[in-house]
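please find the sequence and the predicted model below.
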Amino acid sequence: MKNLYLSSKSLRSHIFAGIILVVVLTALLSGLPAIWLVYSQLEQQAWEQVWQGVRASRSLYSSKEEEIARLAILTAQRPTLQLLLTNADREALEQYISELQAGENINMLVLCDLDGQVIASTNTTFVDPCEFGGSSQFIRDDSATNPGAWLVTTSDIQAGASRLGKIILGLALDESFVKTMRSQTGLEHAVYWDDYPLATSIEGSQEALATTQRKAIRMVSEEETILNSYRLGDKPYISIRFPVNQTGLTAESTLDVGKISEAQRHSILILLGGLFAVAIMAMVLGAILAKQISRPLESLASSAASLNLKNLESPLTVHTPIAEVNSVAQALENARLELKQSLVTLQEEKNWSDRLLESIVEGIVTLDVKNRIQYFSSGAERITGWRREQVLQRSIDEVFVTLDTNKPFSALIPSPGEKRIIAVTLPGRRKATLAVTEAQLAPSESGGSGIALVFRDVSEEEAVNRLLGQFLGNVAHEFRTPLSALAASLELLMDQYPDLTEGEVQELLNSLRLGILSLETLIDNLLESANIEARRFQVVPHPSDIRDIVADAIQTMQPLLEKYGQKLVLKYPTTIPLVYADARRTMQVIVNLLSNASKYGPNDSEINIDLQVELDFLRMAISDRGPGIPIEYHDDLFYRLITPRIQSEKAKPGAGLGLSVVKSIVEAQGGRVGYQEREGGGATFWFTLPVVKQT
């Protein structure tokens, strides 16, 4: 009942939230344009005010140029100035131009004679002011301690047709000038030369202007005008910088937008307050409306609270005048009955499936979309050694670690309907080869489907297949070599017998004999191995003289030894007792060991046969000077189909049967067989035979 009540509350919350969302979106859709309009209007008005200041400043600069040009002409035409200049009265000229400077409100006045020399001057910092000429111009003063800019103009002084000299007037673009510009434009004003502030009307801000970080809003390329915004201290400003002349002098009209920003924030707060008030009203109305809508459903929720998978026995009953709720209640009751029947059926099928899966010997694993294990069958436990609780929810790549590849197990999973052989490492570092097939648990178009893997351990089958393939290849090679030699020798005898010498014929016959001997040895080993496998192998030992058996074996192997220039060295004890041995099969043991010694021993080397009596056994050792046996093959040397990879240019690996046959024959006669490294290099194979006790 608690869960259904929470669901009802959730429905009420959704209704309530939906109403709030609609109201808030409506308020935002109507309020945000108003906020944007207020913000943009105030910003537009601020920029328009700055643009008006720029236009006024440009007009003032033009009027200043015209004004100082007219003033220069009028000053040059003063009769008193002409008279004093004619009389060359310097003291009077100095006093007169000082009075003119004070009266005309200019910063510099210079009189030059016809030779370009200064006659009289006031407040000039220029090295050679008499070089100025032409119309009004803005220049930079680099001779002062603090750089400055001037508006300078010149005019010739004439008395009738005679030229007496020239007068130079200068207006400094200093703090007094920019404050005058501020009073006339209503905006803060600054003068720059090559981005360095020469003067500004903002108190104490000349150095701050030189270092402040500006944000360039845009540039009006046609007028080379830059719009900026920046902060000085805690005050925000917007400005427009425009060129005054073409030599690097620029001016900037600046507006303090602190009050405008405050007005923007105030307007936005008013609008947001209105939106908040609307949201509060919507919350109240939404709560009332949600309660009215959800009330009829609470009765249905309380009745359906007991309906769950563990309790499907109690019928669902609802008493309400609302027809829609009654219809829902009846539908839930019908669903309860159908669900109850379906659960019974599903439980029976689940029990049957569980019993079926437990009986399958193959391993079955199911994975989710992230390759995590969701199911691990009993067959999988038996094959891998993992317990189900150890692997559930773990990645398949952690449980099955691949061998002989850098790819994870999940990357090697075959496509549905296909099979793949994968080598893995299992608990206890046990290596296994698994045959894996895969199937989708759900159609791929459904998205996010998991997969099921079925696998079985084929380690022994793979090992047998590899050994069988290797064995067949080696046997084929073992047959091909002597058969090729036999065919070549016979063909040579048939084609060229009349022309061959007796020695050449004898050599060909020896080659035929060696080929037949090799085939006989291989066939004997194959037959003995087959008899051992079929459990038909029999040995009949009886008292025998080992010297006779060794002599027969040497006679059999002598042609092969002579072919490679190998010499047999026999070492017998003084007294050799009789041994229990099957003479034919013991000779086969010696032939196999001598054949290996000849095959892997170098040409023109010695092969040693050493017999020793050890208590109740006779020990025979056959030694060569070959490369020896790699240590990794020592433990498995006498097993079937084991062919050690020995570095030898003379011999290739055989069929892998000879030593296993040797072991079977020797042990069937009550002896033992073994291998040891020979001092000075080479291999020593030994076996023992029981001796006949003297009575």
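Everything's here; your move.

quick check: Arg625 touching Ser605?
Yes - contact status for Arg625 versus Ser605: in contact at 4.8 Å, counting by C-beta atoms under 8 Å. (C-beta placed from N, C-alpha, C; glycine too.)

looking at those two, which is more packed in?
Between Arg625 and Ser605, counted using other C-beta atoms under 10 Å, the more crowded position is Arg625 (19 against 16).

count residues in the vicinity of the residue nearest to that one when sequence neighbours are not counted, would you?
Among residues not flanking Arg625 along the chain, Gly682 sits closest, at 4.3 Å (C-beta to C-beta, 6 or more residues apart in numbering). Per other C-beta under 10 Å, the neighbour tally for Gly682 reads 21.

next, the contact list for Gly682, please.
601, 623-626, 628 (C-beta atoms under 8 Å, 6 or more residues apart in numbering).

one more time with 7 Å
Contacts for Gly682 (C-beta atoms under 7 Å, 6 or more residues apart in numbering) come out as 623-626, 628.

pick the one among the residues you listed closest to Ser261.
Within these, the smallest distance to Ser261 is 94.9 Å, found for Gly628 (C-beta to C-beta).

how near is the residue lying closest to the closest one once chain neighbours are set aside to Val662?
Closest residue in space to Gly628, ignoring its immediate chain neighbours: Ala683 at 5.0 Å, by C-beta to C-beta, 6+ apart. Note on Ala683: its distance to Val662, by C-beta to C-beta, to the nearest Å, is 14 Å.

avg pLDDT for the lengthiest helix in the chain?
Longest helix in the chain by number of residues, with DSSP state H as the criterion: helix 2-76. Helix 2-76 shows a mean pLDDT of 75.

one more: stretch 426-433?
The pLDDT scores in stretch 426-433 average 81.

just how off-centre is it within its chain?
Centroid separation for stretch 426-433 versus its chain: 31 Å, with C-alpha atoms, centre = their mean, to the nearest Å.

stretch 547-555 now?
72 Å.

got the contact list for it?
Counting by C-beta under 7 Å, 6+ apart, 568, 576, 581, 583, 586-587, 590-591, 594, 609 sit against stretch 547-555.

can you do 6 Å?
583, 586-587, 590-591 (C-beta atoms under 6 Å, 6 or more residues apart in numbering).

which SSE is immediately downstream of the longest helix of the chain?
The helix or strand immediately downstream of helix 2-76 is helix 79-87, counting by DSSP states H and E.

that next one to helix 2-76, inter-axis angle?
Per axes from the mean of the first three to the mean of the last three C-alpha atoms, to 10 degrees, the angle that helix 79-87 makes with helix 2-76 is 60 degrees.

what are the buried residues along the helix or strand that helix 79-87 is followed by?
Sequence order places helix 90-104 as the next helix or strand after helix 79-87, per DSSP H and E. For helix 90-104, the buried set under the neighbour-count rule, 16 or more other C-beta atoms under 10 Å, comprises 93-94, 96-97, 100-101, 104.

relative to helix 2-76, how tilted is helix 90-104?
Using the same axes, to 10 degrees: helix 90-104 against helix 2-76 is 140 degrees.

contacts for helix 90-104, please.
Residues external to helix 90-104 that are found in contact with it (C-beta under 6 Å, 6+ apart): 71, 84, 109, 120, 122.

hmm, who's touching the host helix or strand of the third one?
When you say that, I think you mean Leu109. Secondary structure from DSSP H and E places Leu109 in strand 108-112. Applying C-beta under 6 Å, 6+ apart, the contact partners of strand 108-112 are 97, 101, 118-124, 129-130, 165-170.

in PyMOL, how would I select the buried members of these?
When burial is assessed using 16+ other C-beta under 10 Å, the buried subset of the contacts of strand 108-112 is captured in PyMOL by this command:
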select buried, resi 97+101+119+120+121+122+124+129+130+165+166+167+168+169+170
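
ok, which stretches of the stretch 251-400 of the chain are strands?
363-367, 373-376 (DSSP state E, counting those that start in this stretch).

now the helices for the stretch 101-250 of the chain?
175-185, 206-211 (DSSP state H, counting those that start in this stretch).

if you skip the residues just before and after it, what's nearest to Tyr61?
Tyr61 sits nearest to Val244 (C-beta to C-beta, 6+ apart), 5.8 Å away.

what comes up buried for stretch 189-196?
189-193.

CA atoms of that stretch as PDB?
Output in PDB follows, covering the C-alpha atoms of stretch 189-196 (Å, rounded to 0.1, in the frame of the first residue of the first chain):
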ATOM      1  CA  HIS A 189      37.700  62.700 -23.200                       C
ATOM      2  CA  ALA A 190      41.200  61.400 -23.700                       C
ATOM      3  CA  VAL A 191      44.000  62.100 -26.300                       C
ATOM      4  CA  TYR A 192      46.300  59.200 -27.400                       C
ATOM      5  CA  TRP A 193      49.300  59.000 -29.600                       C
ATOM      6  CA  ASP A 194      50.100  55.400 -30.900                       C
ATOM      7  CA  ASP A 195      47.900  53.900 -28.100                       C
ATOM      8  CA  TYR A 196      49.600  55.800 -25.300                       C
END
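
what's the mean pLDDT across it?
Computed over stretch 189-196, the average pLDDT equals 84.

quick one: that stretch to chain centroid distance?
Counting by C-alpha atoms, centre = their mean, stretch 189-196 is centred 53 Å from the centre of its parent chain.

contacts for it?
Outside stretch 189-196, the residues that reach it (C-beta under 6 Å, 6+ apart) are 140, 149, 173, 178, 181-182, 197-201, 248-252.

show me the domain layout of this structure.
Using automatic domain parsing, the domain parsing of the chain gives 77-172, 176-256, 360-457, 536-690.

what's the least confident stretch among those domains?
domain 176-256 has the lowest average pLDDT among these, namely a mean of 78.

for stretch 106-124, C-alpha coordinates in PDB please.
C-alpha atoms of stretch 106-124 as PDB (Å, rounded to 0.1, in the frame of the first residue of the first chain):
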ATOM      1  CA  ILE A 106      46.800  79.900 -26.200                       C
ATOM      2  CA  ASN A 107      49.700  77.900 -24.900                       C
ATOM      3  CA  MET A 108      52.500  78.800 -27.200                       C
ATOM      4  CA  LEU A 109      53.400  81.900 -29.300                       C
ATOM      5  CA  VAL A 110      56.700  82.200 -31.200                       C
ATOM      6  CA  LEU A 111      58.000  85.000 -33.500                       C
ATOM      7  CA  CYS A 112      60.600  84.000 -36.100                       C
ATOM      8  CA  ASP A 113      62.700  86.300 -38.300                       C
ATOM      9  CA  LEU A 114      63.400  85.800 -42.000                       C
ATOM     10  CA  ASP A 115      66.400  83.700 -41.200                       C
ATOM     11  CA  GLY A 116      64.400  81.100 -39.200                       C
ATOM     12  CA  GLN A 117      65.700  82.300 -35.800                       C
ATOM     13  CA  VAL A 118      63.400  82.800 -32.800                       C
ATOM     14  CA  ILE A 119      63.000  86.500 -31.900                       C
ATOM     15  CA  ALA A 120      60.600  86.000 -29.000                       C
ATOM     16  CA  SER A 121      58.600  83.000 -27.600                       C
ATOM     17  CA  THR A 122      56.400  81.900 -24.700                       C
ATOM     18  CA  ASN A 123      56.400  78.500 -23.100                       C
ATOM     19  CA  THR A 124      57.800  76.400 -25.900                       C
END
